[in-house]
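> sequence and computational prediction follow.
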Amino acid sequence: PNLAKEMHVGHLRSTIIGDAVTRTLEFQGQNVIRQNHVGDWGTQFGMLLAYMEELRAQNIEISKNLSDLEVFYRAAKGRFDESEDFANRARFLVVELQSGNEECLTLWKEFKDISISHCQEAYQRLGVSLSIEDIRGESAYDKDLAVVVSDLDKKGLLQESQGAKCVFLDSFKNKEGEPLPVIIKKKDGGFLYATSDLAAIRYRQSVLNADRALYFVDARQGLHFQQVFEVARLAEYIKPETTLEHMPFGTVMGEDGKPFKTRAGSTPKLADLLTEAEERAYVLVKDKNKDMDEETLRHIASVVGIASVKYADLSKNRTSDYTFSFDSMLSFEGNTAPYLLYAYTRVASIFNKAEIEMDSITTSVSLTDEKEIDLANKLMQFNEVIKSVAKQGMPHHLCAYLFELAGLFSSFYEACPILIAESEIQKQSRLKLAALTAKTLKQGLSLLGINTLERM
RNA sequence: GCACCCGUAGCUCAGCUGGAUAGAGCGUUGCCCUCCGGAGGCAAAGGCCACAGGUUCGACUCCUGUCGGGUGCGCCA
């Protein structure tokens, strides 16, 4: 995320999908290093610093104003647009910040810490396994940027063009059909995100020793990554066998078919979105459980609400745009989180009712009914699905699998009595199938970063 | 102009490295509760897989072209 602003709906996909793939790779036993490449060093920080300065001069406490970063950012942007003096001050402060001015760094750090805590709060609510230790933002590569420039220069890759230092790659052309540059250093001496991405690649290979780097970033940055990856190869920042893979994803659209916006026309804040999902889930859960106590109700609503938002995203093909709709994601029907969570609670309740531990069933499974065979076949495909998710970074394959599994279990459950089976052998066999289903559902959802419920 | 993504049922979407009559969900129309949670299950209707060529024993899938939609393309990230 861009630390200058609040987390919004656009950050959902990268964090949630990246997290699911990460969990899946770890489940396979691979060593995964998370890297949260936050935007904390860009030009927009000059604007924020200038605004913080102004507030401070008026003896206004900054931290209070930072409770809503979006409002703060807009206020700073407003000053930037209305005052030429302010704008110049902002541009000056970026340069100061990037050249190590202590006062700028202090202000910057104050802002950054609050912004990071907002991010972490969102991750926690979402159940995303990113910690503060996983943050390695653009600022972390500050000292490496000059090294990148000199490395590229030594390799003879650098050319000067219109005052900027660039790398020209034959395979990329601009609108006029002329070679398209990757700008490494601006004419004013500043660095761009291509430079810090190169520094990051260098770090990931030489220090982290990665053999596969996955980038969960918006599809619109596709060209940028193509270019940066190629420059990294030419600069020999990565071993030939190391892969750099952009895992692009599409835009989140509103029900009007345009990029998702609030009624007011701004980009919805992630926190607000999650709160609304929880509220809507609360209404639904309460309707089904009139006598449940408030605390349990709130807990279930929270799990269902968050799971619904995540699952709606995870279940769609990563590469295409998808339409955001509270109504369809919170529906208890179809390929949704509530349907899967419900399927899980049904299995769990069989064991609760019978007072049997799932793991205590040691008998082997005997398959006679068609529904039993279908279910067993599906259970055995789990490993294959995991491989596909890990290889392609496409969690929606796992979602589809879990949905099919839940559906087959429901059919089986309808057709094959478990606790009141005809014989003890049959009962044990069916209990075993149910236990395996529960275990697979729970494991699968956990790889998607979704918690299960014993009742809902 | 070039590049990337997309075009599959009324709607929202699957379809993995080409393999048999193209699958779900929503919506529509019917069924199924003296039986383990009906937030379920069963079934019907609904598709020239944008279009045209090509490769192949075989194409929604691969290649080429056309049309339509989205996105990106020099100092933001």
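All right, it came through fine. Please read these numbers as outputs of a predicted model, since none were measured by experiment.
> against residue A:410, how distant is residue A:432?
In this view, residue A:432 and residue A:410 are 18 Å apart by C-beta to C-beta, to the nearest Å. C-betas here are computed from N, CA, C, even on glycine.
> ok, now residue A:66?
Counting by C-beta to C-beta - residue A:66 and residue A:410 are separated by 49 Å.
> again with residue A:171
According to C-beta to C-beta, residue A:171 and residue A:410 sit 52 Å apart.
> compare the two (neighbour count), which wins?
The neighbour comparison of residue A:171 against residue A:410 (other C-beta atoms under 10 Å) goes to residue A:410, with 16 against 9.
> quick one: that one and residue A:343 touch, right?
Yes. The criterion here is C-beta atoms under 8 Å, and residue A:410 meets it with residue A:343 at 6.5 Å.
> can you pull up the residues of the stretch 101-250 of chain A that come close to RNA strand B?
With C-beta under 7 Å from any atom of the strand as the criterion, the stretch 101-250 of chain A comes near RNA strand B at residues A:138, A:161-164, A:166, A:173-175, A:177-181, A:183, A:186-188, A:190, A:192-193, A:219-224, A:248, A:250.
> tell me what the closest residue to residue A:170 other than its chain neighbours is bridged to.
Nearest residue to residue A:170, sequence neighbours excluded (C-beta to C-beta, 6 or more residues apart in numbering): residue A:179, at 7.1 Å. Per DSSP bridges, the residues bridged to residue A:179 are residue A:173.
> swap in residue A:253?
Under the criterion used (DSSP bridges), residue A:253 bridges to residue A:259, residue A:323.
> can you pull the contacts of it?
A:259-260, A:321-324 (C-beta atoms under 8 Å, 6 or more residues apart in numbering).
> now those residues as TSV including pLDDT, distance to RNA strand B and neighbour count?
Shown next, in TSV, are the contacts of residue A:253 (pLDDT from 0 to 100; distance: C-beta to the nearest atom of the strand, whole Å; neighbours: other C-beta atoms under 10 Å):
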residue	pLDDT	distance to RNA strand B	neighbour count
A:259	75	7	14
A:260	78	12	22
A:321	81	6	15
A:322	77	4	18
A:323	78	4	14
A:324	81	9	19
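> name the element the residue in chain A positioned nearest to RNA strand B belongs to?
The minimum distance from chain A to RNA strand B, using C-beta to the nearest atom of the strand, falls at residue A:334 (2.0 Å). Counting by DSSP states H and E, no helix or strand carries residue A:334.
> buried residues, stretch A:348-357. List them.
A:348, A:350-351, A:356 (16 or more other C-beta atoms under 10 Å).
> identify the farthest-apart pair in those residues.
A:348 and A:356 (11.3 Å; C-beta to C-beta).
> how about stretch A:447-456: buried residues?
A:447-450, A:452, A:456.
> CA atoms of that stretch as CSV?
Provided in CSV are the C-alpha atoms of stretch A:447-456 (Å, rounded to 0.1, in the frame of the first residue of the first chain):
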residue,chain,number,x,y,z
LEU,A,447,-5.2,-21.7,3.5
LEU,A,448,-7.5,-19.0,2.2
GLY,A,449,-7.1,-17.2,5.5
ILE,A,450,-10.7,-17.8,6.6
ASN,A,451,-11.7,-19.0,10.0
THR,A,452,-14.4,-21.7,10.5
LEU,A,453,-17.2,-21.7,13.1
GLU,A,454,-18.5,-24.5,15.1
ARG,A,455,-22.0,-23.1,14.9
MET,A,456,-23.6,-20.1,13.2
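> can you tell if it touches RNA strand B?
Yes. Using C-beta under 7 Å from any atom of the strand, stretch A:447-456 reaches RNA strand B at A:454-456.
> again with stretch A:402-415
Yes. With C-beta under 7 Å from any atom of the strand as the criterion, RNA strand B is reached by stretch A:402-415 at A:403, A:407, A:410-411, A:413-415.
> helix or strand for residue A:188, just tell me which one.
Under DSSP H and E, no helix or strand contains residue A:188.
> quick check, nearest of the residues of stretch A:447-456 next to RNA strand B to residue A:310?
Nearest member of the residues of stretch A:447-456 next to RNA strand B to residue A:310, counting by C-beta to C-beta, is residue A:456, at 16.2 Å.
> which of the residues of stretch A:402-415 next to RNA strand B tops the neighbour count?
When neighbours are counted by other C-beta under 10 Å, residue A:413 leads the residues of stretch A:402-415 next to RNA strand B with 20 neighbours.
> surely that one and residue A:342 touch.
No. Using C-beta under 8 Å, residue A:413 is not in contact with residue A:342, being 11.9 Å away.
> could you pull out the helices for the stretch 151-300 of chain A?
Counting by DSSP state H, counting those that start in this stretch, the stretch 151-300 of chain A has helices at residues A:193-206, A:222-234, A:270-288, A:294-314.
> mean neighbour count, distance to residue A:127 and mean pLDDT added to the ones you listed, as JSON lines?
As requested, the helices of the stretch 151-300 of chain A are exported to JSON lines (neighbours: other C-beta atoms under 10 Å; distance: least, C-beta to C-beta, whole Å; pLDDT from 0 to 100):
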{"stretch": "helix A:193-206", "mean neighbour count": "22", "distance to residue A:127": "26", "mean pLDDT": "96"}
{"stretch": "helix A:222-234", "mean neighbour count": "18", "distance to residue A:127": "28", "mean pLDDT": "95"}
{"stretch": "helix A:270-288", "mean neighbour count": "17", "distance to residue A:127": "11", "mean pLDDT": "90"}
{"stretch": "helix A:294-314", "mean neighbour count": "21", "distance to residue A:127": "7", "mean pLDDT": "93"}
